[in-house]
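> my questions are about this predicted structure, shown below with the sequence.
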Amino acid sequence: MDDKMIRTRIAPSPTGLMHIGTARTALFNELFARKTGGKFIVRIEDTDRERSKKEYEQIILDGLRWLGLTWDEGPDIGGDFGPYRQSERGAMYRGALEKLLAQDSAYPVEDGEAIRLRVPPEDVVFNDLIRGEVTVNPETWGGDFVIARSLDDPVFHLAVVVDDAAQAISHVIRGEDHLTNTARHILLQRALGLPMPQYAHLPLLLDKSRRKLSKRTGEVNLLAYRDRGFLPEAMLNYLALLGWNPKSDEEFFSHDQLREKFELAGVQKGGAIFDETKLGAFNKHYLRQLTREELLEKARPWLKKAGYIIDDERYWRDALAVEQARAATLEELASGVSFFSPDWPGDYSPSLLVWRDSNEKETKEIIGQLKDFLDELGDNVWTEQTLKDTLMSWVEEKGLKRGNTLWPLRVALTGRENSPGPFETAAVLGKARTLERLDGAFKKITRGV
RNA sequence: GGCCUCUUCGUCUAGUGGCUAGGACACCAGGUUCUCAUCCUGGAAACAGGGGUUCAAUUCCCCUAGAGGCUACCA
């Protein structure tokens, strides 16, 4: 095997949801591996048998897949350095423990079965690729530390060290919360005679109050963002820029561009606040890039959830395209398009039809005239542009005011105070439905405000 | 408490021993507009504080403060 081969890994523990911070660490590892032509590995750290659950492992892999990350080895696809679950690697840990015990580098504690590593009372110094030289004095955390609960029950520290070596991990890129742990890991490597990988500790993701992003203070569940209608490319792009900068003013990068540009040199040292507002801005951007086909495919689950029947795909593609510029998420997109539903109830208040400079009487007259005028138009002029041209010159001829005319028309079609414009809406709805809704509005206002 | 690490607009960040300290998001104002969104134009907004070093520090050094992390037979 080539010693120079770069191999990175993400080693999540399946004890809960897919944390955003884990996702970002995974992303940086993947980008670094791709950039350098190395391999990216997924390893499940389930040494905590109490808390680890198989379904959590599935959730983690789902999250990574949703983001679009690809890995070369992992529990789902195997690889030459398997197995990829710590629960299946017990023999290796036991071997390491026996060796440490035999050479008296470790010893069992007086009472229980636990095993501690002997730690010499001297500073551990290592070079961090992001932070430079870091010095840790083991005495500050009490020197000798537990590396296993029993011969068959290793603790995280022992397991990572054994696995990283066995799986030939060249670069350990992980959260800053492991900075001090790294000293322990180095001590373990020395005792076991294992090579030391290069370390790079990423700044932590923080919540609004600058604390480590945690479940209590914010939405840290990656898949919750998926379920709220965020696009993976937006999340990926945003996450990549949290704590890393590409040394340019550009901000929008595809996954492939990131894989080309990423380097550890651009990684920040200070923690970064996860700001949903900016994520939302990225999401808007990517939402606007979608073709109408993609729009429908991505919005389909939400449309279905809302109970719309997508029999006429072209109709819904047009409807979504109309709403595309104003929605921030797929969820908003679907709700924004609700009035296009063929069984739209039109349950708005009649007073909404009246423009602020107008009154009921005038509004009623205009709606009546609008109906007659549109009824005369042929199907061939039923496009946004021609509707606009004909209607605007009609408004002109009749000496009407735009607001007095366009506002009631738009409300008749959408039932909303805020919505897309009347021309584009009418074009999508089609002549029959447009007239039907105008008629409904006419009756509504006749019945009184 | 101890140890480790960090500190540029509200947020993500660029940047340099001498610059009007740049960009993006958010915000504010104006324009476009039937509404909202978009779009265009403009605006406000930062080098944590104190000492040094230096002709000159946001930039180099020290101290302080603040923040975060670790201090588990969790990972």
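Perfect, I can see it now.
> what parts of the stretch 1-150 of chain A come near RNA strand B?
Contacts of the stretch 1-150 of chain A with RNA strand B, taken as CB under 7 Å from any atom of the strand, map to A:11-13, A:15, A:45, A:47-48, A:51, A:109, A:111-114, A:131-137, A:140-142, A:145-146, A:149. For the C-beta atoms, the positions are set from N, CA and C on the backbone; glycine is no exception.
> let's see 6 Å
Residues of the stretch 1-150 of chain A lying close to RNA strand B (CB under 6 Å from any atom of the strand) are A:13, A:45, A:47-48, A:109, A:111-112, A:114, A:131, A:134-137, A:140-142, A:146, A:149.
> what's around residue A:10, how many residues?
By other CB atoms under 10 Å, the residues close to residue A:10 number 25.
> repeat for residue A:95
The burial count for residue A:95: 12, using other CB under 10 Å.
> picking that back up, can you turn the buried part of the residues of the stretch 1-150 of chain A next to RNA strand B into a PyMOL selection?
Here is the PyMOL command that selects the buried residues among these (16 or more other CB atoms under 10 Å):
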select buried, chain A and resi 13+45+47+131+134+136+146
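> so residue A:444 sits right up against residue A:352, yeah?
No. Using CB atoms under 8 Å as the test, residue A:444 is too far from residue A:352 to be in contact (9.6 Å).
> how about the helices in the stretch 1-150 of chain A?
Ranges of helices within the stretch 1-150 of chain A are A:20-35, A:54-67, A:90-102, based on DSSP state H, counting those that start in this stretch.
> so the first one versus helix A:54-67, what angle?
Angle, helix A:20-35 to helix A:54-67, by axes from the mean of the first three to the mean of the last three CA atoms, to 10 degrees: 50 degrees.
> low pLDDT regions in chain A?
A:1-3, A:215-218, A:448-449 (pLDDT under 70).
> apply 80 and report the result again.
Scanning chain A for pLDDT under 80 picks out A:1-4, A:48-52, A:82, A:110-112, A:209, A:214-219, A:378-380, A:448-449.
> just give me the residue closest to the centre of it.
Residue closest to the average C-alpha location in chain A (CA atoms, centre = their mean): residue A:235, at 3.8 Å.
> excluding its backbone neighbours, what's nearest that one?
residue A:225 (6.0 Å; CB to CB, 6 or more residues apart in numbering).
> and the one you found, helix, strand or coil?
helix (DSSP: H, G, I helix; E, B strand; the rest coil).
> that one contacts residue A:234, doesn't it?
No. With contact defined as CB under 8 Å, residue A:225 does not count as touching residue A:234 (9.1 Å).
> list residues touching both of those two?
residue A:279 (CB atoms under 8 Å, 6 or more residues apart in numbering).
> for the residue nearest to residue A:235, which residues are in contact?
Neighbour list for residue A:225: A:20, A:219, A:235, A:279 [criterion: CB under 8 Å, 6+ apart].
> and the third one, how far is that from residue A:282?
The spacing between residue A:235 and residue A:282, counted by CB to CB, to the nearest Å, is 8 Å.
> same question, the first one
The spacing between residue A:20 and residue A:282, counted by CB to CB, is 14 Å.
> any idea how far RNA strand B is from residue A:227?
Computed as CB to the nearest atom of the strand, to the nearest Å, the residue A:227 to RNA strand B distance reads 22 Å.
> and what of residue A:419?
For residue A:419, the distance to RNA strand B - CB to the nearest atom of the strand - is 5 Å.
> chain neighbours aside, what residue packs nearest to that residue?
In space, residue A:419 is closest to residue A:410, 6.3 Å off (CB to CB, 6+ apart).
> from the contacts of residue A:225, keep the buried residues only.
Among those, those classed as buried by 16+ other CB under 10 Å are A:20, A:235, A:279.
> out of the residues you listed, which is nearest to residue A:329?
Nearest to residue A:329 among these is residue A:279, at 10.0 Å by CB to CB.
> surely that closest one touches residue A:230?
Yes. The pair residue A:279 / residue A:230 is scored as a contact, 6.9 Å apart, by CB under 8 Å.
> pull out the buried positions in stretch A:57-74.
Going by 16+ other CB under 10 Å, stretch A:57-74 has these buried residues: A:57, A:59-61, A:63-64, A:66-67, A:69, A:71, A:73-74.
> now do stretch A:441-449
A:441-442, A:444-445.
> how about the residues of the stretch 201-350 of chain A by RNA strand B?
Going by CB under 6 Å from any atom of the strand, the residues of the stretch 201-350 of chain A near RNA strand B are A:204, A:210-212, A:241-243, A:245, A:247, A:249, A:251, A:266, A:268-273, A:275, A:277-278, A:281, A:325-326.
> for RNA strand B, give me its nearest residue in the stretch 251-400 of chain A.
residue A:270 (2.9 Å; CB to the nearest atom of the strand).
> correct me, but that residue touches residue A:203?
Yes. Assessed by CB under 8 Å, residue A:270 is found in contact with residue A:203 at 5.6 Å.
> the two: who's more crowded?
Legend: neighbour count by other CB under 10 Å for residue A:270 and residue A:203, higher for residue A:203 (18 against 9).
> didn't the more buried one look like it was pressed against residue A:271?
Yes. Counting by CB under 8 Å, residue A:203 does reach residue A:271; the two are 4.7 Å apart.
> who touches both of the two?
A:176, A:243.
> quick revisit: specify the local secondary structure of the residue of the stretch 251-400 of chain A closest to RNA strand B.
Quick answer, by three-state DSSP: residue A:270 is coil.
> alright, calling it a day.
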